Structure formats: C-alpha cells, structure tokens
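K.L.:
Quick one: sequence and predicted model below, then my questions.
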Amino acid sequence: MMSIRSIEEVEQINNIINQIDGTRKVKTFKKRENPFSLYSDEEFRIKYRFSKDGVRFLNELFGSSLTMSKHIHGLTQQSVTTVCRRVARAILDKRFNYIKMPNNLNEQLIMMQEFETLAGFKNVVVCSASLKIMNVVAHWRGSTHDSRILNESLLKESFENGQYHGRLLGDSGYACTPYLFTPLLNPTTRKEELYNYAHIRTRNSIERCFRVWKNRFRCLLTEFRTNLENTKMYIVALALLHNIAIELNEHFADNEHVTENEHLSQPPIAPLQQNTLRGSAVRAIIIEENF
C-alpha cells in the first residue's frame, strides 16, 4: 500500500507537470489573407507599389512562378526568402525584353528626338525620356566608381564599335570622349554656358530615373541584407519591374517629390579622369554648331 508520503510526492510531481504544460507554447499557424480582398485599391498600391491590375498583369506575364507568392501573408521568413528568389529568377528570364538599348537606327532616332525636346541637346541616348532603365550592370560592389564600371562594360564597347549613333551624357567623373560628353568645368562663352545648361537638364533625366526607381522600391534606399548573389539578382529584377510599371502607367504619390529641375543649379565638379583630345575636340565642334 502506497505510503502517505509517496502519495504527496506523486501529487507534487503532477502539479509540476501541470505547470509545465500550462507554460508550454502551443504551435499556431498564421492566417493567410488574400491581399486582393484584404486591401483597398489605394492600400494595395501603396503596399505593393503596383495596382491590383498591375499585379494581375505580372502574374500573367511570369506565369506559374508567381503562384506561390499570391498568399505570401503568414509565411515564415525562410519561406519568404525562397519565394523571393524563385520570383526574381522568373523575372530575370524576361530581362532582355524589358531592359534594352534601342535595337535599330529608327528606335535610336526616336529616342534622340525625345531628348532634344527637353533642352535642345541633339543625338543623346541616356535612359529613355519616360525614365525607363535601358542598361543595368549589377555585378560590381557599391564602392566601385561609375567610370570603371563603364570602362569595363559591353556598353562602352558597343559605342566604340559604332553600334549606337547617339551619345551618352555623364558628369565630370567620366572622361569626355566622342561618344560620352561631360560638362565644361569653366565655361567662358555664352555658347558654353548654354551647352552646360542643356547638358545638366538633359542628364537630369537619369537622376530622376534613379529617384523614381528608388522611391518605387524603397529597399533600394537601404542596405540589402541578402547575400551578394541574391542582391545582384534582386537589383536587376527591380529594374525590370520599374520599366514594366512605366509601361503600365503605374503612378504613386512618391513621384510627386521628384522635381525635374532640381539639379540645374549644381555646378560641374572637377574632372576625375583625363579627357581625351578627340573627345574634347568633338565636344567643342558640337558646342559651336548647336549652341
């Protein structure tokens, strides 16, 4: 027969077990909501940077690769990361359809005419006048200077081989070449002043492009916390989505803070690279004949 002491010990053990069971976490599952029904049109656009119709278009464009992201609410962080990688790869499969330089002379002429209407600068190819990204290189670290990236790019090779008839505009961090014009550091004539004004105003398109892109996808304003390979993939994917958003006329309130002429008063900085003699000569001819 169990002793009184043994019974008390058993009761104490049972009390301890009950206390443990009471503090033990019960596994719960987050409810997965459908954002199309959960949010209003405006809330949806602000949260996902696309309208509901825009997201439906993306779903049709990228097909089954996006189906698993439709109910992303309630997933674990690891699952979200897996979804992001899979969707980014699906987006990159379409990159040559949406991130591209003009394919032929007619497309180049149209683009150059669009830029000429901005400030009278002829034969310029920067980004598109509608702020689309036409070329992206994402395999360099952020500390790499822009001029080095250009010097080792296929884009530079294409311009030097005469594939493009227009010109690029860059700040004084680049060397002035026959296909890339930089501003004059110390303009002394009215023509040179007009050239600098037109240069800055036209090149402002790419500055606005970057601002619209970063305001549309706010993660570009902060440091990515993903590994380098995933980061490069995400940057290109976001550039492609930016171009699609422009094609779909997807606007959002952040665009209102991007002013067209915010850089016009900034003087050119001292050159970081030696201008080529031929580049300076061609620039001087263009200034004399067009301004």
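P.N.:
Everything's here; your move.
K.L.:
Where does the prediction get shaky in the stretch 1-150 of the chain?
P.N.:
1-32, 63-80, 116, 118-127, 139-144 (pLDDT under 70).
K.L.:
Helices along that one, start to end?
P.N.:
4-23, 35-38, 41-48, 52-62, 77-92, 95-98, 105-119, 146-151 (DSSP state H, counting those that start in this stretch).
K.L.:
Identify the single longest helix in the chain, thanks.
P.N.:
helix 190-216 (DSSP state H).
K.L.:
Pop the domain breakdown of the protein in here.
P.N.:
35-93, 98-290 (automatic domain parsing).
K.L.:
need those domains in TSV with mean neighbour count, can you?
P.N.:
Backbone N, C-alpha and C define where each C-beta goes, glycine included. Formatted as TSV, the domains of the chain follow (neighbours: other C-beta atoms under 10 Å):
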stretch	mean neighbour count
domain 35-93	14
domain 98-290	16
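K.L.:
how about the strands in the stretch 151-291 of the chain?
P.N.:
168-169, 180-181 (DSSP state E, counting those that start in this stretch).
K.L.:
I'd like to know which of these lies nearest to Glu152.
P.N.:
With C-beta to C-beta, the closest approach to Glu152 among those belongs to strand 180-181: 14.5 Å.
K.L.:
Which strands and helices lie in contact with that closest one?
P.N.:
strand 168-169, helix 277-290 (3 or more C-beta pairs under 8 Å, 6 or more residues apart in numbering; DSSP states H and E).
K.L.:
any idea of the angle the last one forms with helix 190-216?
P.N.:
For the pair helix 277-290 and helix 190-216, the angle between their directions (axes from the mean of the first three to the mean of the last three C-alpha atoms, to 10 degrees) equals 100 degrees.
K.L.:
CA-only coordinates of helix 277-290 in PDB, if you can.
P.N.:
What follows is helix 277-290, C-alpha atoms only, in PDB (Å, rounded to 0.1, in the frame of the first residue of the first chain):
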ATOM      1  CA  LEU A 277      41.800  65.000 -77.000                       C
ATOM      2  CA  ARG A 278      39.400  63.800 -79.700                       C
ATOM      3  CA  GLY A 279      36.500  63.900 -77.200                       C
ATOM      4  CA  SER A 280      37.300  67.500 -76.200                       C
ATOM      5  CA  ALA A 281      37.600  68.400 -79.900                       C
ATOM      6  CA  VAL A 282      34.300  66.800 -80.900                       C
ATOM      7  CA  ARG A 283      32.600  68.500 -77.900                       C
ATOM      8  CA  ALA A 284      33.900  71.900 -79.000                       C
ATOM      9  CA  ILE A 285      32.500  71.400 -82.500                       C
ATOM     10  CA  ILE A 286      29.100  70.400 -81.200                       C
ATOM     11  CA  ILE A 287      29.000  73.500 -78.900                       C
ATOM     12  CA  GLU A 288      29.900  75.800 -81.800                       C
ATOM     13  CA  GLU A 289      27.500  74.300 -84.200                       C
ATOM     14  CA  ASN A 290      24.500  73.700 -82.000                       C
END
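K.L.:
which residues touch Leu240?
P.N.:
91-92, 94-95, 98-99 (C-beta atoms under 8 Å, 6 or more residues apart in numbering).
K.L.:
rerun that using 10 Å as the cut-off
P.N.:
Each residue near Leu240 by C-beta atoms under 10 Å, 6 or more residues apart in numbering is listed here: 88, 91-99, 133, 136.
K.L.:
can you name the two of the residues you listed that are farthest apart?
P.N.:
So for those, where distance means C-beta to C-beta, the most widely separated pair is Asp93 and Ile133, at 17.3 Å.
K.L.:
give the contact list for the spatially closest residue to Glu114 that is not a sequence neighbour.
P.N.:
With C-beta to C-beta, 6 or more residues apart in numbering as the criterion, Glu114 has its nearest non-adjacent residue at 3.8 Å, and that residue is Ala129. Contacts for Ala129 (C-beta under 10 Å, 6+ apart) come out as 110-118, 202, 205, 209.
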